[in-house]
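Visitor: No sequence on hand, only this structure:
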């Protein structure tokens with residue numbers, strides 16, 4: 001890690017980020033978990049950098065009977081190249097994901113606002129509705145003209161009972 005990147009990473013004020021963005025709940029917990037992983041990784045890197053990095057393969061050849069294992073490990077060690085990460089590319093991907101997440105959140109907010117407006121309208125209709133006892137057949141027919149049409153069709157075909165009515169509501173006929 002280059003010196004400017006390292007110094008920038010050390011200057012992050014995690015508490016200010018959480019407070020200034022107003023993060024709460026799962027987002028704040030995720031940020032704190034990220035901070036902990038960052039600190040753990042930094043601590044591990046410092047420990048590994050402090051350890052000697054030279055391997056004495058001659059010592060292992062003298063100690064172990066199986067020379068093929070030592071040669072195989074030495075060949076693997078010499079051919080090993082750490083993976084480099086294209087940080088700007090990763091940052092662009094994160095920014096693109098963040099932009100998409102913001103767009104999705106705004107779309108969801110719009111849908112929720114529309115649903116809330118619809119629910120408020122429905123609640124207002126419920127609160128202003130007349131009691132069921134005060135409704136007449138004409139009021140119901142005016143509100144749902146399809147009921148009148150369906151009734152006319154049933155009567156014209158000689159049907160006087162709604163299919164499934166007795167099963168659902170029982171026999172309400174007087175004896």
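Guide: Received the coordinates, thanks. This is a predicted model, so every value here is computed, not measured.

Visitor: Helices along the protein, start to end?
Guide: Secondary structure of the chain (DSSP state H): helices located at 3-10, 14-21, 25-50, 57-63, 67-79, 87-128, 137-143, 145-156, 165-169.

Visitor: Poorly predicted segments of this protein, please.
Guide: For the chain, the stretches with pLDDT under 70 are 1-9, 172-175.

Visitor: ok so, going back, got the helices of the chain as TSV, with mean neighbour count columns?
Guide: No exception for glycine: its C-beta is placed from N, CA and C like everyone else's. Shown next, in TSV, are these (neighbours: other Cβ atoms under 10 Å):
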stretch	mean neighbour count
helix 3-10	10
helix 14-21	12
helix 25-50	11
helix 57-63	12
helix 67-79	11
helix 87-128	10
helix 137-143	11
helix 145-156	11
helix 165-169	9
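
Visitor: how near is the residue nearest the centre of the chain to residue 95?
Guide: Central residue of the chain (Cα atoms, centre = their mean): residue 101, 9.5 Å from the mean position. Separation of residue 101 from residue 95 (Cβ to Cβ, to the nearest Å): 10 Å.

Visitor: likewise residue 85?
Guide: Applying Cβ to Cβ, the value for residue 85 to residue 95 is 16 Å.

Visitor: Check residue 166 too.
Guide: Counting by Cβ to Cβ, the separation of residue 166 from residue 95 is 65 Å.

Visitor: ditto for residue 143
Guide: 53 Å.

Visitor: Same question for residue 110.
Guide: In terms of Cβ to Cβ, residue 110 sits 23 Å off from residue 95.

Visitor: And for residue 43?
Guide: 28 Å.

Visitor: same deal with residue 163?
Guide: On the measure of Cβ to Cβ, residue 163 and residue 95 end up 60 Å apart.

Visitor: same deal with residue 137?
Guide: Taken as Cβ to Cβ, the span from residue 137 to residue 95 is 63 Å.

Visitor: And residue 74, by the same measure?
Guide: 43 Å.

Visitor: Likewise for residue 119?
Guide: Distance of residue 119 to residue 95, given as Cβ to Cβ: 36 Å.

Visitor: And for residue 79?
Guide: According to Cβ to Cβ, residue 79 and residue 95 sit 36 Å apart.

Visitor: now residue 10
Guide: Taken as Cβ to Cβ, the span from residue 10 to residue 95 is 23 Å.

Visitor: again with residue 165
Guide: Residue 165 is 61 Å from residue 95, by Cβ to Cβ.

Visitor: just residue 164 next, same as before
Guide: From residue 164 across to residue 95, the span is 58 Å (Cβ to Cβ).

Visitor: same thing with residue 57?
Guide: Distance, residue 57 to residue 95, using Cβ to Cβ: 45 Å.

Visitor: I appreciate the help and will end here.
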